[in-house]
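**Q** Sequence isn't available, so here's the structure alone:
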């Protein structure tokens, strides 16, 4: 199966397949990794503003770094599947 790991507004489980958003817990990940993915999506939903981006450069950097870690761990956890990280949320507030 091919998956995309990508945040979107209000999405709590940020995995997508060719036909759209995956169902909860698809793909099946180890419990701790799934919790980290949900926390990563929650941070996006609570902190990223569609008009101004991330509130601070530090949070923006941490979130991107965590996304890349989750992507790598997801690839290891699902060796028979393909995962692509689509990280688009790079905007930062001008004052950060």
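**A** Yep, it's here. The shown structure was predicted, so the numbers you read here are calculated from the model rather than taken from an experiment.
**Q** Can you tell me, leaving aside adjacent residues, what's nearest to residue 87?
**A** residue 67 (5.3 Å; C-beta to C-beta, 6 or more residues apart in numbering). Placement of C-beta: from N, CA and C, glycine included.
**Q** and for the helix or strand hosting that neighbour, what are the contacting residues?
**A** With elements taken from DSSP states H and E, the one containing residue 67 is helix 57-77. Outside of helix 57-77, the residues within contact range by C-beta atoms under 8 Å, 6 or more residues apart in numbering are 3, 5, 7, 27, 29-30, 33, 36-37, 40, 43-44, 47-48, 53-54, 83, 85, 87, 89-90, 92, 96.
**Q** can you pull the contacts of the closest residue to residue 77 other than its chain neighbours?
**A** By the measure of C-beta to C-beta, 6+ apart, the closest residue to residue 77 outside its immediate chain neighbours is residue 29, 5.4 Å from it. Residues touching residue 29, when contacts are defined by C-beta under 8 Å, 6+ apart, comprise 37, 74, 77-78.
**Q** So residue 83: helix, strand or coil?
**A** The local conformation at residue 83, judged by DSSP: H, G, I helix; E, B strand; the rest coil, is strand.
**Q** partner residues bridging it?
**A** Following DSSP bridges, residue 83 is listed with bridge partners residue 3.
**Q** can you pull the contacts of it?
**A** Under the criterion of C-beta under 8 Å, 6+ apart, the contact partners of residue 83 comprise 2-5, 71, 74-75.
**Q** so how far is residue 52 from it?
**A** Residue 83 sits 29 Å away from residue 52 when distances are taken as C-beta to C-beta, to the nearest Å.
**Q** what do you get for residue 11?
**A** Shown here: residue 11 relative to residue 52, a distance of 20 Å by C-beta to C-beta.
**Q** Phi, psi for residue 39 please.
**A** The phi and psi values for residue 39, taken as degrees, to the nearest 10, are phi -70, psi -40.
**Q** Neighbours of it, how many?
**A** By other C-beta atoms under 10 Å, 12 other residues sit near residue 39.
**Q** who touches it in this structure?
**A** With contacts defined as C-beta under 8 Å, 6+ apart, residue 39 has no neighbours.
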